[in-house]
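Trainee: Fold the following and give me the result.
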Amino acid sequence: MKNIFIVFLSLLLFLYSCEPTSNEIKIIGENTSTIAAITKIKGKYENAKGIKVTTFPYEYSTLLTKSTVDIAKGDNSYDIIMQYNFALSSYVRNNYVFKIDEMKKGLPDSLFAFESDLFQNTWQEVGSYYDLSKNDGSMIKVGYPFASNSMILVYNKKMFENPLNKAEFLKKYGQPLCVPVSWEQYYNVAEFFTKKNDKEEPSFGLCMEGASNSELYYEFVNYLFSIGNGVLEKKTGWEGDEKTKVIINSDKNLKALDFYLSLKKFNKGDYFNVDQPLQTKLFKEGDVAMAIMWSDLIYPQIYKSNNVEDNRFGYAPIPGNKSFIGGGSYYINRKSKNPKEAFKFVLWLLNKENQIEMAKQGLCSPRKSVYENKEVQKIPYINALKTSLERGVYMMEAGPDADKISQIITKYVQFAWKNEINSKEALKNMQNDIIQSRAEIYKNIK
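Mentor: Now for the predicted structure:
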């Protein structure tokens, strides 16, 4: 009987050892320079570890479905989800992803020395959330940043460097033509370069995004937080509850919205249809002076579109003294067949040598020291990005109310742009609608 038991046990162990295990890491993310850079360097990991790494770059709307709806259904098609911080609330509250402390277990502390080199404001904004096991507002780390993005000012160097333009601008405004560092200068430059008469070639000061699919919202908050005081009284996008004070209807925000609307006469394109791809297309036609653009889209769409350097454009932080913190994190899917190996691949990606290589392929690295590398310094937009990240603050909502707030702001800014309501009415309506919608959202969460 004893021998039969031993044979039976041995058979079970054999069958268990033969059970198929995943020898592949699958990553889903938005089709930007970040996932393109991963695709280019992943071969080194595959060769060293004998593990296949497959990247799945999707357009934003497709990524949104696959990283929210599909994950909620328990989909295990992807081990690593590269997603933005508006997913944090859902991912943590529903336990869809592993927390960093869970993944660290059994690994040496030396593997995590890089954490002090991360932009801490970015990590707090895109990879942290409330510790729901406590009720004291403390935070936990949910994911490591895959990028530290911002929105920066892209400008037409030819227009700014033209001697005739310099002389005419100095005569008109009594100051040299330069890349604007204040919003007053920004207005003057936009005004100066807008020429729509029959005597001159038409040109425009700006190309602004007014489309409804979040594009308007992302650009508008640069004005709202830099000139105004923002939307909610808090310090990070994911913070807040039903008691968080809504502050969008304020005198400072009135000034910001009025200023934003005053730029309408300098704008190129059909505002309501201009999304990110169309903005890029219009800007590259060469008759627009300035545009505010996402940093992670500059490399593939502006600087090295089709792998050809385009040196017509320069880069600077947006005017004022604040910039947008963006980016997202590597989240390890709790349904992954191979979570430990997926986490080790994330750690490999965050190695400084790999970060430098990826930065040269368009990554906006979350590691501070990468920006000091001599080769990285040759990238024309890198110093503008570095300054933006160092002074970066929360501007984008990322709590369970994020989508609704974005929709409400977009709705009333578009109404104001069409002169259907004035700025005061727009802000009053935003305030009331945000308060009402947030009360309903947090009621349902409870």
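
Trainee: okay, now the domains of this structure?
Mentor: Under the assignment automatic domain parsing, the domains of the chain span 22-148+326-393, 151-325+398-445.

Trainee: want to throw those into TSV with mean pLDDT?
Mentor: Output for these, formatted as TSV (pLDDT from 0 to 100):
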stretch	mean pLDDT
domain 22-148+326-393	93
domain 151-325+398-445	95
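
Trainee: Kindly reformat the ones you listed as a markdown table containing mean neighbour count.
Mentor: C-beta coordinates here come from the backbone N, C-alpha and C atoms, glycine included. Shown next, in a markdown table, are these (neighbours: other C-beta atoms under 10 Å):
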| stretch | mean neighbour count |
| --- | --- |
| domain 22-148+326-393 | 19 |
| domain 151-325+398-445 | 18 |
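
Trainee: Go ahead and measure how far stretch 362-369 is from the middle of the chain.
Mentor: Offset of stretch 362-369 from its chain centre (C-alpha atoms, centre = their mean, to the nearest Å): 13 Å.

Trainee: Repeat that for stretch 98-107.
Mentor: From the chain centre to the centre of stretch 98-107 is a distance of 25 Å (C-alpha atoms, centre = their mean).

Trainee: quick one: contacts of it?
Mentor: 92, 112, 127, 140-144, 331-332, 334, 339-340, 343 (C-beta atoms under 8 Å, 6 or more residues apart in numbering).

Trainee: Tell me which of those residues fall in helices.
Mentor: Under the assignment DSSP state H, the contacts of stretch 98-107 contribute 92, 127, 339, 340, 343 to helices.

Trainee: Looking at these, spot the one nearest residue 391.
Mentor: Here the nearest of the ones in helices among the contacts of stretch 98-107 to residue 391, counting by C-beta to C-beta, is residue 127; it sits at 19.5 Å.

Trainee: ok, that closest one to residue 77 distance?
Mentor: Computed as C-beta to C-beta, to the nearest Å, the residue 127 to residue 77 distance reads 23 Å.

Trainee: same thing with residue 177?
Mentor: 53 Å.

Trainee: now do residue 258
Mentor: Counting by C-beta to C-beta, the gap from residue 258 to residue 77 is 48 Å.

Trainee: give me the element residue 315 is part of.
Mentor: Secondary structure assigned from DSSP states H and E places residue 315 in strand 313-316.

Trainee: Residues contacting that strand, please?
Mentor: Contacts of strand 313-316 (C-beta under 8 Å, 6+ apart): 152-157, 160, 179, 181, 298, 302-303, 380-381, 384-385.

Trainee: Now for those: which two are most distant?
Mentor: The span of these, defined through C-beta to C-beta, is set by 181 and 303 at 22.1 Å.

Trainee: Next, work out how far apart residue 429 and residue 416 are.
Mentor: Applying C-beta to C-beta, the value for residue 429 to residue 416 is 10 Å.

Trainee: again, but for residue 189
Mentor: From residue 189 to residue 416 the distance is 23 Å (C-beta to C-beta).

Trainee: my guess is residue 34 meets residue 359, correct?
Mentor: No: counting by C-beta atoms under 8 Å, residue 34 stays clear of residue 359, with 10.5 Å between them.

Trainee: Quick one: the strands in the stretch 1-150 of the chain, in order.
Mentor: Counting by DSSP state E, counting those that start in this stretch, the stretch 1-150 of the chain has strands at residues 24-30, 52-58, 80-84, 128-130, 139-141, 144-149.

Trainee: Ignoring the adjacent residues along the chain, who's closest to residue 297?
Mentor: Distances taken as C-beta to C-beta, 6 or more residues apart in numbering put residue 32 closest to residue 297, at 6.1 Å, once the chain neighbours are dropped.

Trainee: Just list the residues touching that neighbour, thanks.
Mentor: Residue 32 makes contacts with 57, 296, 297, 300, 362, as judged by C-beta under 8 Å, 6+ apart.

Trainee: out of these, who's nearest residue 277?
Mentor: For the contacts of residue 32, the closest approach to residue 277 (C-beta to C-beta) belongs to residue 297, at 9.2 Å.

Trainee: Surely that closest one and residue 279 touch.
Mentor: No: using C-beta under 8 Å, residue 297 is not in contact with residue 279, being 9.7 Å away.

Trainee: quick one, what contacts residue 79?
Mentor: Neighbouring residues of residue 79 by C-beta under 8 Å, 6+ apart: 22, 25, 26, 27, 332, 333, 336, 337, 338, 339, 341, 342.

Trainee: Ramachandran coordinates for it?
Mentor: Dihedral pair for residue 79: phi -90, psi -40, per degrees, to the nearest 10.

Trainee: mind checking how far it is from residue 342?
Mentor: Taking C-beta to C-beta, one finds residue 79 at 4 Å from residue 342.

Trainee: what sits in contact with each of those two?
Mentor: Common contact partners of residue 79 and residue 342 (C-beta under 8 Å, 6+ apart): 25, 332, 333, 336.

Trainee: need the helices for the stretch 101-250 of the chain, in chain order.
Mentor: Applying DSSP state H, counting those that start in this stretch to the stretch 101-250 of the chain gives helices spanning 120-127, 157-161, 163-173, 183-193, 215-226.

Trainee: In a markdown table: these, plus distance to residue 267.
Mentor: As requested, those are arranged in a markdown table below (distance: least, C-beta to C-beta, whole Å):
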| stretch | distance to residue 267 |
| --- | --- |
| helix 120-127 | 30 |
| helix 157-161 | 16 |
| helix 163-173 | 19 |
| helix 183-193 | 9 |
| helix 215-226 | 11 |
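
Trainee: Nearest to residue 390, out of those?
Mentor: helix 120-127 (8.5 Å).

Trainee: between that closest one and strand 144-149, how big is the angle?
Mentor: Between helix 120-127 and strand 144-149, the angle comes out at 110 degrees (axes from the mean of the first three to the mean of the last three C-alpha atoms, to 10 degrees).

Trainee: Now do helix 120-127 against strand 80-84, angle only.
Mentor: Using the same axes, to 10 degrees, helix 120-127 lies at 110 degrees relative to strand 80-84.
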